[in-house]
Structure formats: C-alpha cells, structure tokens
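**Student:** Okay, structure incoming, though there's no sequence with it:
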C-alpha cells in the first residue's frame, strides 16, 4: 500500500513538472512572439522616422522653394515623378528615396515605404507660395488623428485581404511583361502593374481608403484587414525651420545693403557711410511699400517708388535743360555752339535714398548721346542730412550740335524684384516684421547704446540688448488672430505675440513656440 502511495506521489510530481514546463514553454513562446512583434515594430518605426527626417531635411534645405517636397515615385524606381503641367501626376506613391538621397528603406516585412503628399507643398515654381500661412491639405482619422498634414510616410506591411475585396492583395510583376530587370514598373500608367498599384499595399477601414486619390487617410489597430502604419509630417515639423532660414536670409540682405553703402567705390568718400533703410509703416503686409523717413519699425521697405529725382533742388544743366524730376530718369539736353570748349555741368539729387533697398551707383547710370562730353567725371555724394544722394556730372563740349545726357537713379537691389528669389517668390515678406536702431539709420552715427537705443531681443543669448536691427518671422496665424490676407490697416496683434506687440520700445521677444506664440526674431548684427 505504501508503494502505491509512493508511486502516486511521483506521478503527481511528474505531472506538475510537465505542466510547469509546458507553462514555461508557453510563456517563453508568448514572450518570443511579443519580442518579435516589438522588434518588427521597432524596425518599421525606425524606418518611418528615417524617411520623415529625410523629407524634412529636403524641405528645409531646398534651394528654390524651401518647405517644398518632391512628387511621389509611381513606378518604383526610387525617383520622384516629373510634373504634369504644374501638378504631380499623383499624390500617393512610393517614397522617392533616390531623389531624397536616402538608403533603400524597407519596413519589417521587406516592403519599400509609401508616401502621400499635400499638393500645397509640391515643388513647382508656379504652384502656390510656401510660407508660414501655407497649410497641409491631408488629414488622418482613427487612432492617430491629425490635421494640417503636409505629407505621410506609410508602411504597407504584409499582404492581406482588404475590406470588401474578393481576393488578397497582388504585389507581382513580371520581368519583360510589366517590369524591367530592376523591378521598375513599365506599364502606362504604372499602376497597371500590380506591384505599383497602391491598392495592393495600402488598406481601407471605416470607408476611408489610404490608396485612393483624396486627401483623407486613416489609422487603425492592426487586424487581418488593416496593417498600414502611418507617420505624419505636419506643417510645424517644417515651417519653423524654414522661418529661421528666412530670418537669416533677410538679415543677410540687410547686412549686404549696409556694407555695400559703407564701402561703395562710386560714392564720394566724404560722408560715405553704411545704413539700414527706414521701415515701411505696418499697414498692408500683403503689398510692397516704400520706407518712410524716421520709421524704425514695420514692414521691410520693398518698394523703391519713392527713390526718384528730386524736384527741389531741381535738376540743372548749364548748357540746356533737364526733364524728369519726380521720376527715376532725367534727360538733360542742350543745343550748343562751342567753337572753343564749353564747360558742361549737370547737378541733381536723388531723394529718399534710404526708403528702400537701393544699391549704390555702379557706374552704368549715365549715358551720353550727340556731341560727346570730353573728360567727363561723375560724382555721387551721400547727403545724410537730406537723406539723399547728390549727383554731379561735368566735362567739356566742343563743336556744334545737340548734347544729351540721360541719368538713371541707382537700381533697386535685385533680390527685391527677382521673380525667382525664393523669399520673395513665396511671399515671406508678407509674414515678416522689421525694426532698426536709429543709430544705424542714414541719419545715425553708426552706433547705439546697449539697452537704450539699440534693439533688444529678450530671452536670446547674451548680450541681447545691442542689436543694430532685427527681422521677425511672424509665423502662421494663431487662435484669435484675423484671417489673412488682412484688410488694411493691419493690426500688429494679428501677426506678433507677447512683447513683440509693442515694437516702439525696440524690445522684442524670443520664446518657446506654443499655441499662443510663434514669432521668431533674427538679429541682423551683431
């Protein structure tokens, strides 16, 4: 009897051991499965993040339209498609990894990534401007809702049977039939090849299809009918970085203007100096305006309409008359009889020289027709007190006939008028603000006292109260600000936030970007 009980005890121990081992194996199997799922998730997530970083880097560093993104790749050759007119042939396709100079990124299933683009960010010169006010047109519903989405990178994962589909997704291609040896789809359109049809990769849930041509996308829990993984790129991932670049760009243009006048070789050294132009009153940021004398804060003065030949003093020609006062060109004409050389003398004044970005004279402003002027000399003198550029032209005339001298005012800086200069072509000046110290205006001494008449930028790296000038990119409109374009006269409160709303004190503010603040000041110098 004792043996029976002993054997039963051993059997019970064996059963318990087997059950424990089975439980351990089951736990290990579950752990391994969970670990594998975690590994797959990590691999895919890392790949999506690399793609997102590549797209953001491309947008911010683009030479012609910072903020823009390339069209999707439709035939799986890694290259963004060319435009059809000024539009992408499609806005859902594969990630153009070659165009982005990225590795051949794959998700945990070995599939290349897919990519959706908002048409508002396409990289075409005649598309809408890209600036702080440009919004993404894509939306994501479901488990990770998002609006103002400019692009989405997607992992298609493994083959499944889409909701409502009769069969599983087909990702095939046949070399020589609808693909070439590199795997590029060769049909026209490329989506006629199953491998290049987004329906065979991207999924649908709750009536929203990630593969169709609209702007609505969806995320959901993984299931037998949905396994897309989405990583959105929103406007705020890109635009703040471009805004910093814009601030630096405008600041550089201001420095270049100052330095050009400070060392202008064709300007009389007497009184020659560098200066920043006066600001334009902050009235209508949507249109280019000239600066106004004494205006230290406002819009960048991007119109040179006020830089013309003065009526007082009127242009004079001792051998004839000059016409054209109040315009950008004077023409001085005289009918002379000079059997012995006659002295020729022209004088005039370019008014409001500091009300725009105008380059110093370059030597091409004066042309002569008819009798030549012998030994002609041209002198331009900066008259800081009059905020003008005085002109004189002299020489001698010999002979009988007509002499005509035509003189243009110095030209507006080319960046302000170029249709291809990206800050202007994309209307960044409409979302920028400008302020200068009076010490660095044309009437100043090229100095200022820190904390007194210099420009200050609170919360910036010290010293932050000794700035000559500042440019602020104002960011997209925030809650409570008027929709743009605003009707003039514009309110500063509809563009600037915090301490930046009181520019008259020349104290501006750098702060953390939030729902209530998105200004970005850039010091011009130092």
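**Tutor:** Looks like it came in fine. These figures come from a predicted structure and were not determined experimentally.
**Student:** Only C-alpha atoms from now on, for both contacts and neighbour counts.
**Tutor:** Noted.
**Student:** who's in contact with residue 415?
**Tutor:** Going by C-alpha atoms under 8 Å, 6 or more residues apart in numbering, residue 415 touches 421, 424.
**Student:** Could I get the phi/psi values of it?
**Tutor:** phi -70, psi -20 (degrees, to the nearest 10).
**Student:** now swap in the one 10 residues further on and tell me
**Tutor:** Listed backbone geometry of residue 425 is phi -60, psi -30, with angles given as degrees, to the nearest 10.
**Student:** what about the residue nearest to it when sequence neighbours are not counted, how many neighbours?
**Tutor:** Spatial nearest neighbour of residue 425, excluding adjacent residues (C-alpha to C-alpha, 6 or more residues apart in numbering): residue 419 at 5.6 Å. Per other C-alpha atoms under 10 Å, the neighbour tally for residue 419 reads 13.
**Student:** again, but for residue 479
**Tutor:** When neighbours are counted by other C-alpha under 10 Å, residue 479 comes out with 10.
**Student:** need the contact list for it.
**Tutor:** 515-516.
**Student:** What separation do you get for it and residue 236?
**Tutor:** Using C-alpha to C-alpha, to the nearest Å, residue 479 is found at 15 Å from residue 236.
**Student:** before we move on, back to that, looking at this, the residue nearest to residue 425 is in a strand?
**Tutor:** No: Residue 419 is assigned coil when assessed by DSSP: H, G, I helix; E, B strand; the rest coil, not a strand.
**Student:** Quick one, grab the pLDDT at it.
**Tutor:** Reported pLDDT at residue 419 in the predicted model: 90.
**Student:** Surely residue 57 is in a helix?
**Tutor:** Yes: counting by three-state DSSP, residue 57 is part of a helix.
**Student:** does residue 333 sit in a helix, a strand or a coil?
**Tutor:** strand.
**Student:** Identify the bridge partners of it.
**Tutor:** residue 321, residue 404 (DSSP bridges).
**Student:** Any figure for the gap between it and residue 318?
**Tutor:** Residue 333 sits 10 Å away from residue 318, going by C-alpha to C-alpha.
**Student:** Neighbour count: these two, which is higher?
**Tutor:** residue 333 (21 against 14).
**Student:** which residues sit in contact with residue 208?
**Tutor:** Per C-alpha under 8 Å, 6+ apart, neighbours of residue 208: 216-218.
**Student:** quick one: low-confidence parts of the stretch 201-350 of the chain?
**Tutor:** Nowhere does the stretch 201-350 of the chain drop to pLDDT under 70.
**Student:** want to throw the contacts of residue 208 into TSV with secondary structure?
**Tutor:** TSV is the format used below for these (three-state DSSP):
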residue	secondary structure
216	strand
217	strand
218	strand
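**Student:** Can you tell me which of the residues you listed is nearest residue 267?
**Tutor:** residue 216 (60.1 Å; C-alpha to C-alpha).
**Student:** got a pLDDT number for the closest residue to the closest one other than its chain neighbours?
**Tutor:** Spatial nearest neighbour of residue 216, chain neighbours left out: residue 139 (5.1 Å); criterion: C-alpha to C-alpha, 6+ apart. Note for residue 139: predicted pLDDT of 98.
**Student:** ok, which stretches of the chain are helices?
**Tutor:** Ranges of helices within the chain are 2-61, 235-262, 414-417, 422-425, based on DSSP state H.
**Student:** Report how many residues lie close to the residue nearest to residue 129 when sequence neighbours are not counted.
**Tutor:** Leaving aside its chain neighbours, residue 129 sits nearest to residue 426 (4.2 Å; criterion: C-alpha to C-alpha, 6+ apart). For residue 426, the neighbour count with other C-alpha under 10 Å is 22.
**Student:** for residue 458, same thing?
**Tutor:** Neighbour tally, residue 458, other C-alpha under 10 Å: 18.
**Student:** what do you get for residue 484?
**Tutor:** Counted with other C-alpha under 10 Å, the neighbours of residue 484 add up to 14.
**Student:** And the one 5 residues further on, by the same measure?
**Tutor:** One way to gauge burial is a neighbour count; for residue 489, by other C-alpha under 10 Å, it gives 11.
**Student:** Now for it: which residues touch it?
**Tutor:** Contacts of residue 489 (C-alpha under 8 Å, 6+ apart): 282-284.
**Student:** Centroid-nearest residue for this structure?
**Tutor:** Centroid check for the chain by C-alpha atoms, centre = their mean gives residue 66 as the closest residue, at 4.0 Å.
**Student:** so that one makes contact with residue 55?
**Tutor:** No: between residue 66 and residue 55 there is no contact under C-alpha atoms under 8 Å: 11.6 Å.
**Student:** Would you check how far apart residue 265 and residue 361 are?
**Tutor:** In terms of C-alpha to C-alpha, residue 265 sits 9 Å off from residue 361.
**Student:** got it, and residue 48?
**Tutor:** Distance of residue 48 to residue 361, computed by C-alpha to C-alpha: 53 Å.
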